[in-house]
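**Student:** Have a look; sequence and predicted model below, questions after that.
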Amino acid sequence: MSATEGALSVLFCALDDSVQTGGCYSNGQLMDHTSVPVSVYDEGLAKKLWEVSEILTGTFQERKITSGTKISNGRKIERYN
């Protein structure tokens, strides 16, 4: 999948008025809940994705995150015990 193809569902959900809150979309279509991967509902995985996104975009506050990493000074990442 290209970056453009990967962005299509995100853009669709952000811009189309027909999008339902809480729905899972693929290729501009609302997916049937029986075809949605179980990992979509994994709160731990969602939190890790959010944290990694913060690191990669530099949009976060200094804090400790659950993965054992301290985020500080923009993109600097330090391990802690």
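**Tutor:** Nice, I can see it.
**Student:** my guess is Asn27 meets Leu11, correct?
**Tutor:** No - here Asn27 does not reach Leu11: they are 11.9 Å apart, not a contact under CB atoms under 8 Å. In this view, the C-beta of every residue, glycine as well, is placed from N, C-alpha and C.
**Student:** can you map out the helices along this structure?
**Tutor:** In the chain, the helices defined using DSSP state H lie at 3-15, 43-57.
**Student:** Check which residues of the last one are buried.
**Tutor:** Residues of helix 43-57 classed as buried under the neighbour-count rule (16 or more other CB atoms under 10 Å) are 51, 55.
**Student:** I'd like the average pLDDT over that helix.
**Tutor:** Averaging pLDDT along helix 43-57 yields 88.
**Student:** list the helices and strands it packs on?
**Tutor:** On a contact count with 3 or more CB pairs under 8 Å, 6 or more residues apart in numbering; DSSP states H and E, helix 43-57 meets no helix or strand.
**Student:** Domain map for the chain?
**Tutor:** 1-37, 42-81 (automatic domain parsing).
**Student:** can you pull the buried residues of the first one?
**Tutor:** Translated: domain 1-37. 9, 12, 24-25.
**Student:** Now for these: which two are most distant?
**Tutor:** Largest separation among the buried residues of domain 1-37 by CB to CB: Phe12 and Cys24, giving 12.1 Å.
**Student:** which residues sit against stretch 4-20?
**Tutor:** Identification of contacts with stretch 4-20 by CB atoms under 8 Å, 6 or more residues apart in numbering yields 25-28, 30.
**Student:** ok, so of those, who is nearest Glu43?
**Tutor:** Nearest member of the contacts of stretch 4-20 to Glu43, counting by CB to CB, is Tyr25, at 19.7 Å.
**Student:** Which helix or strand in this protein has the lowest average pLDDT?
**Tutor:** strand 76-79 (a mean of 49; mean pLDDT, DSSP states H and E).
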